[in-house]
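Asker: What would the 3D arrangement of this be:
(2 chains, ligands or ions: 4)
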Amino acid sequence: MKGDKILLAHGSGGGLSRELIEEIIYPIFDNNGGQDLLDSAFLALEGGRIAMTTDSYVISPLFFPGGDIGKLAACGTINDLAVCGAIPKFLSVGLIIEEGFPVEDLKKILRSLSDTAASAGVLVVTGDTKVVERGSADKIFINTTGIGIVPEGVSLGPTEISVGDLIIISGTVGDHGMAVLCQREGLSLGGQIASDCAPLSDLAELLVSTGGVSCMRDPTRGGVASVLYELARQSKMTMEILNEAVPVHHAVAAGCSMLGLDPLYLANEGKLLIFARQEKESEIMNVLRNHPLGRAGRVIGRVTSRDDSGKVLVETELGAKRILPSLEGEHLPRIC
Amino acid sequence: MVPMAKGRVGKEATAKEIKVYGIVQGVGFRPYVYNLSQKYQLKGWVLNNSQGVTIHWEGQEEKISQALMELLSSPPPLAKITGYDSLPVPFQGYTGFFIQKSCVQDDKRVLISPDVGTCSDCLAELQDPSDRRFSYPFINCTNCGPRFTIIRDIPYDRHLTTMKGFTMCPQCRQEYDDPSNRRFHAQPNACPACGPKIEVRDSRGKSCNKDFRELFKEGAIVAIKGLGGFHLACNALDGNAVSQLRKGKFRDAKPFALMAYNLKTVRKYCHLSAEEEEHLVSPARPIVILKQREETRGELPPEINPHLDTLGVMLPYTPLHWLLFSPEIPLLVMTSANLSGDPLITKNEEAAEKLKGIADYFIFHNREIENPCDDSVGMVVGNTWQPVRRARGYVPLPVQLQRRELTPLLACGGNLKNTFALAKGDRVFLSQHLGDLDNYLNFEIYKKTISKMISLLGIKPELLVHDLHPGYQTTRYARELASQWELPAIGVQHHHSHMVSCMAENGLAERVMAVICDGTGYGTDGTIWGFEFLCGDYSSFKRMGHLAKVPLPGGEASIKRPLRMAYSFLLSTLGETGRVYASKWLSGLSPCEVDVLEVQLKKGINSVATSSCGRLFDAAAALMGICREAKYEGQGPMVMEARARMAGHEEGFYTILLKDKEDLTFELDTAPLWEELISDLSSGLDTVRMAYKFHMGVARAIRDGVLHMSRSTGLKKVVISGGVFQNRLLTELIMELLAEEGIAVYRHKEIPPNDGGISLGQAVAGNEVMKNVRGSTA
Ligand SMILES: [Fe+3]
Ligand SMILES: [Mg+2]
Ligand SMILES: [Zn+2]
Ligand SMILES: [Zn+2]
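Answerer: Residues are numbered from 1 along each chain as shown, chains lettered A, B, ... in the order given. Ligands and ions are numbered 1, 2, ... in the order given. All right, here's what the predicted structure looks like:
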């Protein structure tokens, strides 16, 4: 392909389009199972209910320590399937590219997407590419849709949460949010902070197979706090977490204290928030400890009682229980 | 025409029915009327009903008038008569004077009495070895004792209080039934034979028979179950005990309250004006913040009030407290036993659990605390009382409004130092101080107290009022209740609430000016306000001026770390020069922190704009090196005020510029203030003088702002409110400056200027807004 920038004509449907698809995109997804990319993909699925999810990825900057928008687009959708107890199988990729976008960056992003999917055993089976005028999009937007299979007998969700369940996080919180913030705003916080962006399907499958998981979430935008808040409401439960039990990378903690942020509200892209039956604690913790993505996993709290309006309490280092503020107004100071 | 008496009654005999309103129940009113009737040879009866007290008097007209005069001019000490009616009624020819059984009516005009400090009669019994109640810690009578803290339900009758489980012995019963006795219908009446009992336990939970006084001599820290909750106490003159207590409570700097045996002890350590004394000995027995005496400062451990020149002192208010003192130990630290912002501890088991490791001994008793209630705090500013925290001794008395009739409503209050208010007609009942509602246990008590007060006061809200801050627990709760009860909810801007609170207390219903100096309040533009010049009435306001905005980098991070605030002020007001000053004078900030701050300020990451006055004080205190890290709320401003008070009045001031804007509004620019402050720092000026110049600078800026508003509106009255006005020096300076200009300054006198008072403003403003809404749709 000639030129190092994406042109409007690359999206016209003509020759340049074909060039882009055949010379750039196909080769990258070539190792993806060898399916011909037809107008529609034909999928053979067996052994359970089908789970399907879609998500669009817009992020600035496109490249950040620990990942890029391509990896994110694969992980995000794979993880959305994984937390439902589904085993992710197929992915579609829709690209919206701004005119003038560097071809090299596009290659890097797609390679990263493809490698991530492959590492999780997921095939990219169909896709679409559009090029829009300069200013109509910010560099590149990616949409991915994922399809997976929920094995027989697996049923996870807020309604499965019961009093006594343990609340477990699979590792340090806030890495992705802080890494992206630092990269975007040019902050250096001394230590290097990398996004935790990773596909969690393998770990999730192992966890689900213990039979002790009642609900799982990947605490992305809005962080652990928002997921807890939402689940507490949906399950009509009181959830209590112990602030000092929440694992936070020291550089993330330092950054948060300086910026006045709470790591509980920062995004994660490679963490599972797990609600687990208490009697399965040791089994689940074993799975976590023996998996590269779960080594820093910890029990951070418990579901303590029923409560019709649902609430989340955080026990501080001094032993006081504070009501976890909802995201609205979270950044607005309330103290005098 | 008055019917004439027949037979043996003199021909001038007549009959009158007198209805008395206010606090007239549970205060010995009926025995008092009984005795008064004997004195003036009047016949008839007296009874309690839910409107107050009704008296039927028969006798010589002149005697009736004299009795009424005496009743109005010198009622029983705890009675508070808010009004009375006197009507001629048919003469019945009674042969004696009777106390009739209470009757129940619907309209609850009777006020529930707050708790009352031990009276002199009871105290005399306590100290009289020949009295059957000698040394008994629960002595009380109709003139004193527990009230609000023991009430479960109304009417105020023993079986509806936590005295229910204690059956009176024959002697107590006799007192209770005898109209001429001081204990006639004293609901908590008790004696050693039949009443509550004390139990002293050691740190392992073992009962021990020790005299309380001995504990303090040992240097012990003692957890004491008081009236509204537990205290932690120790000998205030014992440096070890005091620092032990400070470690135990995790409070590294916040001043401890003291309890002094008598006024002589208070005077030894503090200056005491006539007004201060009056409040110290008043039945409410609040903690009064007093100026500490230099001469005896050295005798008290500095850990009591680090870096401050004031002491918060109260006098014993229950017999139990009196029994703690001995000639050797006339002064105790008496700090409420609540850890890390949790609610007051009120139960024995809870105290044993939560205070283990802190308390060496526990003084328990078996009378339950039904309504937790903190000690009230206040101070005398410019010769008048100004509350800081309104709770025990005042709650649940209402704030009486002038010429105002409010819809029954619930005003949910602020998020910190919370009080809520239930209002109806011309009365607004503020709850006791309930604290920080982000604390789960506090919030649970808040919800419980709301339903409790609704039933105690018989006010069924038809309207809910809340702050505009979306993150306040109270805002969310108001909306929740509104949908649950299907009621309208109205939001009132934080500083408008402050303003209306002060107006309502002073009976100002017209358009006035307001200066609100505050820490944090959500503005109508989504930024954080706090140094505001407002003009308006109960229903609306216009923001006439404010402190020029600066970023609040990291929100609460900068409130807790005032150094960051100083950085923000220097950069926003002085630009590049400010950055140079910052690098020289804000050495407490690490280079990494400065880098982050720079980025944060430049890109506005988590940095809302603020015009807060509290932050201005914080920044100045940090720059002067007085307080770089706030260990408790308001620490910087408090320490700075203490310093400033040591200065003479000729120190001068820092300049704050008033900048006119096109629409007749203005902004206060602090750029010259920082330049002058830095130049004083460079020349090594004493912080005492800098602190004074800062105070005077802010006071002058307030004067300039008020005069500007006054010129553009023609108004001459200004109310001042907001947490910053707990600063006595600033308040007094403003009053002086504005008096010279012919501006009338109105201040708080019954409720605090801080967020503990905003529920009153919410109630009055919310009612008015609702009236307008209804009026416009009608
Ligand atoms: Fe306020
Ligand atoms: Mg998603
Ligand atoms: Zn008494
Ligand atoms: Zn008795």
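Asker: rest of the way, CA atoms for contacts and neighbours
Answerer: Fine.
Asker: what about the closest residue to chain B within the stretch 51-200 of chain A, neighbour count?
Answerer: Here the stretch 51-200 of chain A gets closest to chain B at one residue, residue A:187, 6.5 Å apart by C-alpha to the nearest C-alpha. Residue A:187: 20 surrounding residues under other C-alpha atoms under 10 Å in any protein chain shown.
Asker: so it touches residue B:602, yeah?
Answerer: No. Using C-alpha atoms under 8 Å, residue A:187 is not in contact with residue B:602; the gap is 11.6 Å.
Asker: Just give the number of residues close to the closest residue to the residue of the stretch 51-200 of chain A closest to chain B other than its chain neighbours.
Answerer: Once flanking residues are discounted, residue A:187 sits nearest to residue B:596: 6.5 Å by C-alpha to C-alpha, 6 or more residues apart in numbering or on different chains. Counted by other C-alpha under 10 Å, the residues lying close to residue B:596 total 23.
Asker: Could you check how far residue B:596 is from residue B:505?
Answerer: 46 Å (C-alpha to C-alpha, to the nearest Å).
Asker: for chain B, which helix is longest?
Answerer: helix B:687-713 (DSSP state H).
Asker: which secondary structure elements does it contact?
Answerer: Secondary-structure packing of helix B:687-713 (3 or more C-alpha pairs under 8 Å, 6 or more residues apart in numbering or on different chains; DSSP states H and E): strand B:512-522, strand B:528-536, helix B:635-644, strand B:657-660, helix B:671-682, helix B:728-740.
Asker: which residues make contact with the fifth one from outside it?
Answerer: Going back to what we said before, that points to helix B:671-682. By C-alpha atoms under 8 Å, 6 or more residues apart in numbering or on different chains, the residues outside helix B:671-682 that reach it are B:570, B:573, B:574, B:581, B:624, B:654, B:655, B:656, B:657, B:690, B:694, B:697.
Asker: ok now do the residue of chain A at minimum distance from ligand 4, which residues does it touch?
Answerer: Ranking the residues of chain A by distance to ligand 4 (C-alpha to the ion) places residue A:320 first, at 41.3 Å. Residue A:320 is in contact with B:339, B:340, B:341, B:342, B:439, counting by C-alpha under 8 Å, 6+ apart.
Asker: got CSV for these, with neighbour count too?
Answerer: Formatted as CSV, the contacts of residue A:320 follow (neighbours: other C-alpha atoms under 10 Å in any protein chain shown):
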residue, neighbour count
B:339, 18
B:340, 16
B:341, 18
B:342, 21
B:439, 24
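Asker: any chance of those in JSON lines, with pLDDT, distance to chain A and secondary structure too?
Answerer: Converted to JSON lines, the contacts of residue A:320 look like this (pLDDT from 0 to 100; distance: C-alpha to the nearest C-alpha, whole Å; DSSP: H, G, I helix; E, B strand; the rest coil):
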{"residue": "B:339", "pLDDT": "80", "distance to chain A": "8", "secondary structure": "coil"}
{"residue": "B:340", "pLDDT": "72", "distance to chain A": "6", "secondary structure": "coil"}
{"residue": "B:341", "pLDDT": "83", "distance to chain A": "7", "secondary structure": "coil"}
{"residue": "B:342", "pLDDT": "90", "distance to chain A": "6", "secondary structure": "coil"}
{"residue": "B:439", "pLDDT": "96", "distance to chain A": "4", "secondary structure": "strand"}
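Asker: on that earlier part again, out of the helices and strands packed on helix B:687-713, nearest to ligand 3?
Answerer: Smallest distance to ligand 3 across the helices and strands packed on helix B:687-713 (C-alpha to the ion): 34.7 Å, for helix B:728-740.
Asker: mind listing what's buried in that closest one?
Answerer: B:728, B:729, B:730, B:731, B:733, B:734, B:735, B:737, B:738 (16 or more other C-alpha atoms under 10 Å in any protein chain shown).
Asker: Residue 125: neighbour count?
Answerer: Defaulting to chain A. 23.
Asker: if you could check chain B rather than the one you did, that'd help
Answerer: Neighbour number of residue B:125 under other C-alpha under 10 Å is 18.
Asker: correct me, but it touches residue B:138?
Answerer: No. Counting by C-alpha under 8 Å, residue B:125 stays clear of residue B:138, with 11.3 Å between them.
Asker: Please work out the residue of the stretch 51-200 of chain B nearest to chain A and name it.
Answerer: Counting by C-alpha to the nearest C-alpha, the stretch 51-200 of chain B gets nearest chain A through residue B:149, at 24.6 Å.
Asker: Now do the SS call for the nearest residue to that residue once chain neighbours are set aside.
Answerer: Leaving aside its sequence neighbours, residue B:149 sits nearest to residue B:371 (C-alpha to C-alpha, 6+ apart; 4.5 Å). What DSSP: H, G, I helix; E, B strand; the rest coil gives for residue B:371 is coil.
Asker: residue contacts, residue B:371?
Answerer: Counted by C-alpha under 8 Å, 6+ apart, residue B:371 has contacts B:148, B:149, B:150, B:151, B:228.
Asker: one more time with 7 Å
Answerer: Listed by C-alpha atoms under 7 Å, 6 or more residues apart in numbering or on different chains, the contact partners of residue B:371 are B:148, B:149, B:150, B:228.
Asker: same check, this time on residue A:143
Answerer: A:55, A:56, A:57, A:93, A:94, A:95.
Asker: Just the pLDDT for it.
Answerer: Looking at residue A:143, its pLDDT stands at 97.
Asker: Then residue A:191?
Answerer: Reading off the model, residue A:191 has pLDDT 68.
Asker: residues from the stretch 451-600 of chain B in reach of chain A?
Answerer: B:470, B:471, B:519, B:520, B:554, B:555, B:556, B:557, B:592, B:593, B:596, B:599 (C-alpha under 7 Å from any C-alpha of the partner chain).
Asker: In chain A, what residue spans correspond to strands?
Answerer: A:49-57, A:63-64, A:67-68, A:87-98, A:123-132, A:140-150, A:166-169, A:213-217, A:237-242, A:273-276, A:298-306, A:311-315, A:321-323 (DSSP state E).
Asker: Figure out which of the ones you listed is closest to residue A:160.
Answerer: strand A:213-217 (5.2 Å; C-alpha to C-alpha).
Asker: Could you list the domains of the chain?
Answerer: Went with chain A since none was named. Taking automatic domain parsing as the reference, chain A has its domains at A:8-151, A:158-323.
Asker: wait, chain B
Answerer: B:13-99, B:198-377, B:513-747 (the TED database).
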